[in-house]
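> Dropping the sequence and predicted coords here.
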Number of protein chains: 2
Amino acid sequence: MEKFVLGIDIGGTNSKVGLIDESGSIAFREIFPTKSEESFDIYLPRLKEIVDKLLTITGKVPIGIGVGAPNANFLTGMVHEPPNLSWGSVDLKKRFEELFKLPTFVDNDANLAAVSELLWGCASGVKHLLVVTLGTGVGTGIIIDGNVLQGAFGGAGEGGHIEIVPNGRACGCGGAGHLEAYASATGMKLTIKEILGSDVDLALLGTALKSGDKDALKIFGESAKYLGKGLASMATILFPEMVVLTGGVMNAGPIFLEMIRAEFEKMILDLLEEK
Amino acid sequence: MEKFVLGIDIGGTNSKVGLIDESGSIAFREIFPTKSEESFDIYLPRLKEIVDKLLTITGKVPIGIGVGAPNANFLTGMVHEPPNLSWGSVDLKKRFEELFKLPTFVDNDANLAAVSELLWGCASGVKHLLVVTLGTGVGTGIIIDGNVLQGAFGGAGEGGHIEIVPNGRACGCGGAGHLEAYASATGMKLTIKEILGSDVDLALLGTALKSGDKDALKIFGESAKYLGKGLASMATILFPEMVVLTGGVMNAGPIFLEMIRAEFEKMILDLLEEK
C-alpha cells in the first residue's frame, strides 16, 4: 500500500495542505488564508477542520506530518515569534503531535524549499546549494555537503537579515537596511510607493515587466540590485554550486532573473575569476 | 618512534616553518621573510634550504607536509593568484611533493586556523565555528558540523570579500567596499592615514589602545564597526556556536575585542533574541 504524508506550508498570507506520496507528488491539496492577525489557538482548529476534510474525501491515512513555517526551528520544533504572524512563540511540533497523533517535523520554508529542490527539483545531485525564497519575507535555505545547514541553534540561513544598505529601511525583525526590507514582496511594495508615489499591485507590475514596462523595469531593477549584493555576500561565504531563486516574487519571470544575475555577477566577478 | 610533520605557514610578509609532533606541539621552528615581490621559483629554493637546515639540525624525518598559503585550495592543491604575493597561480601541492618527496596538503591559512582551534585551541568540541584571521588580509575559516566548509570549488569562506560599504574603498581583489579593505592591517593603515593624516605604526597604535589613547580608540573603533557588520552578516548566514578572531591585528588586545563584540551585538541582537 502506498504511503502518504501530510505536508503543511504555513505562509504569512496563505496556508497550504497537501497529501504527498513517496515519489514527492502532491496527490491532493487545499489552500486557505492563514489570517496572520489571529492567534495560533484560533488557527489550529481551522487547520484541523481542513485536514480532516481532506482525509475524509481521500480516505487516506498519513504516516506523518511535515510543516514549513516562518521562523520554525528543526532542532527544537518551535516557531519563534514570526514577524509576519501574531503567534508569539509556539511549540509547533508538540501541538501538532498532540492534535493529530502523528510524528511531526517542522522547519522553516526556505530550508524545506532547499530540500525539495535537492530531492525533486532542479538541484538533483548538487552538494552545495543556496535557495532564496522571495515572498512576504526573504528566506534562505543552505545545503552543505548534501545536508541542510541548521547551525548551532537550528537558526542558520537567515540571509534575509544581512545588512545591504547601512542605516537603511527598518526591517520587520527590528534591524535596519536588511535584504528582506528591499527584496521581499513587502519591501518591493515600499519601493513601488517610493518610486511611483502610489500603490501598484506587485503581480501586475510583474506582468508589465514581461512587456518591458519602464516603471516595472525600474522597480524590479532596484530589487535586483539589492538581491545581487545579498546573493554575492552569501555566495562569497558559502561558494555554492547552484543558487535557486523561488517564491511569489519570482513570478515576474526570466527578465527579473537576468537582472539579478547581472547584478550578482558584477559583485562577485573578481572573486570567481580567482577560483 | 614519535612521528613529525612539517608545517609551513606562508604569509604575505613572513613564512614560518615548524616541525610538529602528534600532540600538535611545535618542536622546532624557523621564520623568514616571504619577499612577496619574488616569484615562486625564487621562493621555493629559499624555503628548501631552511627546511633542509631544520631537518639536519634536528635529525628528524617528517612523514608529510601541511602548507597554509593565501588563496590555497584544499581540493585542487593550487594557489590562485594571491593578491599579496607575486606568484600568479601555482600547483603548490605538486611542486612540494616533487621537491620534498613527501605527501603534501595545502589549504588557506584561515581554514587551517579553524582546524587548529578545533583540535588544539579554544574551540574543542565545537561543531559550528567561524574563525576570522586579521592580518595583511582578512580570512575566514568555517567549520560546519565539525568539518571545514570547502564549498563547491574549495573556495568557501571568503568573508573578507563581502561588501560592507557600498561604493567603498578599493579592495585588493578588484572589488570595492569589502571587509578586508577596512579591517585588515592593510585597510587599517589607510584608516590611520585618513584619520591622523600620517603613517603611524599599527602595532604601536595597538599598544597605545591599551592605555586608552584617543587616536587609537578612534582608529580601532572604525575597524570594530566594520568588523561588527561583517561578523553579523556571516553569523546571520551560518549561526556558529563560537566566533574566534585571530591574526596580528588582534594583538591590540581585549579592549579591541570588546569594541568588536559591542558592534557585533548591536547588529545581530534582534535576530538572536528571536532564537
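Looks like it arrived, so ask away. Numbers count the residues shown, from 1 in each chain, chains lettered A, B, ... in the order given.

> Run through the helices of the stretch 51-200 of chain A in chain order.
A:92-100, A:109-120, A:180-183, A:185-196 (DSSP state H, counting those that start in this stretch).

> Those: which one's closest to residue B:122?
Checking the helices of the stretch 51-200 of chain A against residue B:122 by C-beta to C-beta gives helix A:109-120 as the closest, at 29.7 Å. Yep, even glycine has a C-beta here, placed from its N, CA and C like the rest.

> What is the burial count for residue A:13?
Residues near residue A:13, counting by other C-beta atoms under 10 Å in any protein chain shown, number 13.

> how near is it to residue B:127?
According to C-beta to C-beta, to the nearest Å, residue A:13 stands 36 Å off from residue B:127.

> Can you redo the helices of the stretch 51-200 of chain A as TSV, where the extra columns are mean pLDDT, mean neighbour count and distance to chain B?
As requested, these are exported to TSV (pLDDT from 0 to 100; neighbours: other C-beta atoms under 10 Å in any protein chain shown; distance: least, C-beta to the nearest C-beta, whole Å):
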stretch	mean pLDDT	mean neighbour count	distance to chain B
helix A:92-100	97	18	15
helix A:109-120	93	22	12
helix A:180-183	97	28	11
helix A:185-196	96	17	16
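
> Quick check: buried residues in stretch A:37-47?
Judged by neighbour count (16 or more other C-beta atoms under 10 Å in any protein chain shown), stretch A:37-47 contains these buried residues: A:40, A:43, A:44, A:47.

> Can you tell me which of these is nearest residue A:108?
Nearest to residue A:108 among those, counting by C-beta to C-beta, is residue A:40 at 16.2 Å.

> which non-adjacent residue is nearest that closest one?
Ranked by C-beta to C-beta, 6 or more residues apart in numbering or on different chains and with sequence neighbours excluded, the top spatial neighbour of residue A:40 is residue A:87, at 4.4 Å.

> Near chain B, which residues of the stretch 101-250 of chain A are found?
A:127-128, A:140, A:142, A:144-145, A:147, A:149-159, A:161-163, A:165-166, A:173-175, A:229, A:232-234, A:236-241 (C-beta under 8 Å from any C-beta of the partner chain).

> what's around residue A:21, how many residues?
The criterion is other C-beta under 10 Å. On that basis, residue A:21 has 13 neighbouring residues.

> Quick check: the gap between it and residue A:120.
Spatial separation of residue A:21 from residue A:120 under the definition C-beta to C-beta is 12 Å.

> Ramachandran coordinates for residue A:27?
phi -70, psi -50 (degrees, to the nearest 10).

> Repeat that for the one 4 residues further on.
When read as degrees, to the nearest 10, the backbone of residue A:31 gives phi -130, psi 140.

> burial count for the nearest residue to residue A:134 once chain neighbours are set aside?
Take residue A:134 and drop its neighbours on the chain: the residue closest to it by C-beta to C-beta, 6+ apart is residue A:249, 3.7 Å away. The number of residues packed near residue A:249 is 24, by other C-beta under 10 Å.

> would residue A:249 count as being in a helix?
Yes: assessed by DSSP: H, G, I helix; E, B strand; the rest coil, residue A:249 belongs to a helix.

> Enumerate every residue touching it.
With contacts defined as C-beta atoms under 8 Å, 6 or more residues apart in numbering or on different chains, the neighbours of residue A:249 are A:134, A:135, A:183, A:184, A:185, A:188, A:202, A:206, A:223, A:256.

> where's the dip in pLDDT among these?
Per-residue confidence over these reaches its minimum at residue A:135, where pLDDT is 90.

> Pull the number of nearby residues for the residue nearest to residue A:252 when sequence neighbours are not counted.
Taking C-beta to C-beta, 6+ apart as the measure, residue A:252 lies nearest to residue A:206, with 3.6 Å between them; neighbours along the chain are not counted. Residue A:206 has 22 neighbouring residues, counting by other C-beta under 10 Å.

> next one: the one 10 residues further on
Residue A:216 is surrounded by 23 other residues when neighbours are defined as other C-beta under 10 Å.

> give me every residue that touches the residue in the stretch 1-150 of chain A positioned nearest to chain B.
Scanning the stretch 1-150 of chain A for the residue nearest chain B gives residue A:128, at 4.6 Å (criterion: C-beta to the nearest C-beta). Contact criterion C-beta under 8 Å, 6+ apart gives A:143, A:144, A:145, A:238, A:239, A:240, A:241, A:242, B:151, B:152, B:156 as the residues in contact with residue A:128.

> Return a PyMOL selection command for the buried portion of those.
In PyMOL, the members of the contacts of residue A:128 classed as buried (16+ other C-beta under 10 Å) are selected with the following command:
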select buried, (chain A and resi 143+144+238+239+240+242) or (chain B and resi 151+152+156)
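
> Mind putting the contacts of residue A:128 into a markdown table with distance to residue A:194 and pLDDT?
Shown next, in a markdown table, are those (distance: C-beta to C-beta, whole Å; pLDDT from 0 to 100):
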| residue | distance to residue A:194 | pLDDT |
| --- | --- | --- |
| A:143 | 35 | 97 |
| A:144 | 37 | 96 |
| A:145 | 42 | 94 |
| A:238 | 31 | 95 |
| A:239 | 34 | 94 |
| A:240 | 32 | 95 |
| A:241 | 36 | 95 |
| A:242 | 33 | 96 |
| B:151 | 36 | 92 |
| B:152 | 37 | 89 |
| B:156 | 36 | 83 |
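
> Burial check on residue A:146, number of neighbours?
Here the count is done by other C-beta under 10 Å, and residue A:146 has 11 residues near it.

> And for it, nearest residue in space, chain neighbours not counted?
Taking C-beta to C-beta, 6+ apart, and ignoring the residues beside it in sequence, residue A:146 has residue A:127 as its nearest neighbour in space, at 5.4 Å.

> how about that neighbour, what does it touch?
Listed by C-beta under 8 Å, 6+ apart, the contact set of residue A:127 reads A:143, A:144, A:145, A:146, A:241, B:152.

> what's the distance between the last one and chain A?
Taking C-beta to the nearest C-beta, to the nearest Å as the criterion, residue B:152 is separated from chain A by 4 Å.

> wouldn't that residue be in contact with residue A:243 here?
No: taking C-beta atoms under 8 Å as the contact criterion, residue B:152 and residue A:243 are not neighbours in contact, 10.7 Å apart.

> Overlap of the contact sets of the two?
With contacts defined as C-beta under 8 Å, 6+ apart, no residue is adjacent to both residue B:152 and residue A:243.

> All the strands of the stretch 101-250 of chain A, residue numbers only.
For the stretch 101-250 of chain A, applying DSSP state E, counting those that start in this stretch gives strands covering A:104-107, A:129-134, A:138-144, A:147-148, A:242-246.

> TSV please, covering these and showing distance to residue A:216.
Below are those laid out as TSV (distance: least, C-beta to C-beta, whole Å):
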stretch	distance to residue A:216
strand A:104-107	34
strand A:129-134	16
strand A:138-144	20
strand A:147-148	35
strand A:242-246	18
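
> Of those strands, give the one that comes closest to residue B:72.
Comparing the strands of the stretch 101-250 of chain A against residue B:72 with C-beta to C-beta, the closest turns out to be strand A:138-144 (20.5 Å).

> Next, the distance between the ends of stretch A:32-50.
With C-alpha to C-alpha, to the nearest Å as the measure, the first residue of stretch A:32-50 is 9 Å from its last.

> For it, what is the distance to the chain centroid?
20 Å (C-alpha atoms, centre = their mean, to the nearest Å).

> most centrally placed residue in chain A?
residue A:133 (3.8 Å; C-alpha atoms, centre = their mean).

> That one pairs with what?
Under the criterion DSSP bridges, residue A:133 forms beta bridges with residue A:139, residue A:246.

> Surely it and residue A:111 touch.
No: between residue A:133 and residue A:111 there is no contact under C-beta under 8 Å: 9.7 Å.

> what do the two both touch?
residue A:141.

> rewinding a little: quick one, phi psi at the residue of the stretch 1-150 of chain A closest to chain B?
phi -120, psi 110.
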